[in-house]
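Colleague: I'll drop the sequence and a predicted model, then ask my questions.
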Amino acid sequence: MSYSSVPILTARDLTLSFGTLRALESVSLEVHPGEVLAIVGESGSGKTTLLNTLYGVLAPGAGEVHFGENGKLDRCVQTLPRQQLRHLHRSAWGYVHQNPRDALRMEITAGGNIVERLMAAGEKHYGTLREKALFWLQKVEIDPKRIDDLPGTFSGGMQQRLQIARTLISHPYLLFMDEPTSGLDVSVQAGLLDLLRNLVSEQRMAVILVTHDLAVARLLAGRIAVMQRGRIIETGVTDQVLDDPQHPYTQLLVSSVLPA
């Protein structure tokens, strides 16, 4: 699949330490409209730290993240006023957490969760909100009759689908995903991955996907970046990197998941 040659987000020389621990070391990357970039590596390699730095939740000690649309990378995440960053997170960007409970409001209904981003953007008409909630419940393959149920009555896989509906209802152009299928049963994972692949293609979003699962990266991502000890040590087209890894760490990572 081909992508625009002009990125919508770039990171240059990101460095971040927690005390004496260097979590990120001179990390640079770029993301293009419509592509899925997977960030893979072992636990503790810095994947989620990088994702949260790109998203603006963590501030790097050095380096910057620039973003924009229509070929203009004219805004910097690190210097964006807090109110503007919050608006960006509620509209043009989306974040799918590993644990859906980190995103869902457990005390309000499934429908209320789904439309919260629309309400924050100013939509107040009850009929319109309920219609959109019903539409997105169907979109993520949840029975629309459950619109008034609380998220706590849903299974883990259904909560993840509800989080996805809540996030995508505002049609973000850039989606951040942190281990979206981790902890789910294999059969539930398969259904959720098919759903994500279809929605990403249909919505034409760019996606930054953090995963430790190379099979998930192969299924969803066109390009892959391999992290080790806070550094990106190999990057390229997903199939090429996984089928013919060049860095010794990537070779070890790939061989560790191959059947004996």
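Modeller: Arrived safely, thanks for sending.

Colleague: Report the contact partners of the nearest residue to E179 once chain neighbours are set aside.
Modeller: Closest residue to E179 apart from its sequence neighbours, by C-beta to C-beta, 6 or more residues apart in numbering: Q98 at 4.1 Å. Placement of C-beta: from N, CA and C, glycine included. When contacts are counted by C-beta atoms under 8 Å, 6 or more residues apart in numbering, Q98 touches D178, E179, P180, S182, G183.

Colleague: for S45, same thing?
Modeller: Contacts of S45 by C-beta under 8 Å, 6+ apart are M227, Q228, R229, G230.

Colleague: Quick check: strands, which of the residues you listed are part of them?
Modeller: M227, Q228 (DSSP state E).

Colleague: By neighbour count, sort out the buried ones in the contacts of S45.
Modeller: M227, Q228, G230 (16 or more other C-beta atoms under 10 Å).

Colleague: quick one: L196 and P180 touch, right?
Modeller: Yes - using C-beta atoms under 8 Å, L196 is in contact with P180, at 6.7 Å.

Colleague: shared neighbours of these two, which are they?
Modeller: I164.

Colleague: hmm, back to that, closest one to A221 out of the contacts of Q98, please.
Modeller: P180 (12.3 Å; C-beta to C-beta).

Colleague: re earlier: so which of the contacts of Q98 sit within strands?
Modeller: D178.

Colleague: Please convert the buried members of the contacts of Q98 into PyMOL selection syntax.
Modeller: Buried members of the contacts of Q98 can be picked out in PyMOL with the line below, counting by 16+ other C-beta under 10 Å:
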select buried, resi 178+179+180
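
Colleague: Throw the contacts of Q98 into TSV and include pLDDT, thanks.
Modeller: Shown next, in TSV, are the contacts of Q98 (pLDDT from 0 to 100):
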residue	pLDDT
D178	96
E179	93
P180	91
S182	85
G183	80
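
Colleague: Now do the residue nearest to E179, the pLDDT please.
Modeller: Looking at Q98, its pLDDT is 93.

Colleague: Please report how far it lies from H247.
Modeller: Q98 sits at a distance of 26 Å from H247 (criterion: C-beta to C-beta, to the nearest Å).

Colleague: before we move on, what about R130?
Modeller: 51 Å.

Colleague: again with G230
Modeller: Distance from G230 to H247, by C-beta to C-beta: 15 Å.

Colleague: helices and strands around the helix-or-strand element of the chain with minimal mean pLDDT, which ones?
Modeller: Using mean pLDDT, DSSP states H and E, the weakest-scoring helix or strand in the chain turns out to be helix 186-203, at a mean of 88. Identification of packing neighbours for helix 186-203 by 3 or more C-beta pairs under 8 Å, 6 or more residues apart in numbering; DSSP states H and E yields helix 156-168, helix 214-220.

Colleague: Determine the set of other helices and strands touching the longest one.
Modeller: Contact analysis of helix 156-168 by 3+ C-beta pairs under 8 Å, 6+ apart lists strand 93-96, helix 110-120, helix 126-139, helix 186-203 as its packing neighbours.

Colleague: export the ones you listed to CSV and tack on mean neighbour count and distance to T15?
Modeller: Shown next, in CSV, are the helices and strands packed on helix 156-168 (neighbours: other C-beta atoms under 10 Å; distance: least, C-beta to C-beta, whole Å):
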stretch, mean neighbour count, distance to T15
strand 93-96, 23, 23
helix 110-120, 21, 33
helix 126-139, 16, 39
helix 186-203, 15, 30
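
Colleague: To V36, which of those lies closest?
Modeller: From the helices and strands packed on helix 156-168, taking C-beta to C-beta, the stretch that ends up closest is helix 186-203, at 6.3 Å.

Colleague: which regions of the stretch 151-260 of the chain lie under the pLDDT threshold?
Modeller: 258-260 (pLDDT under 70).
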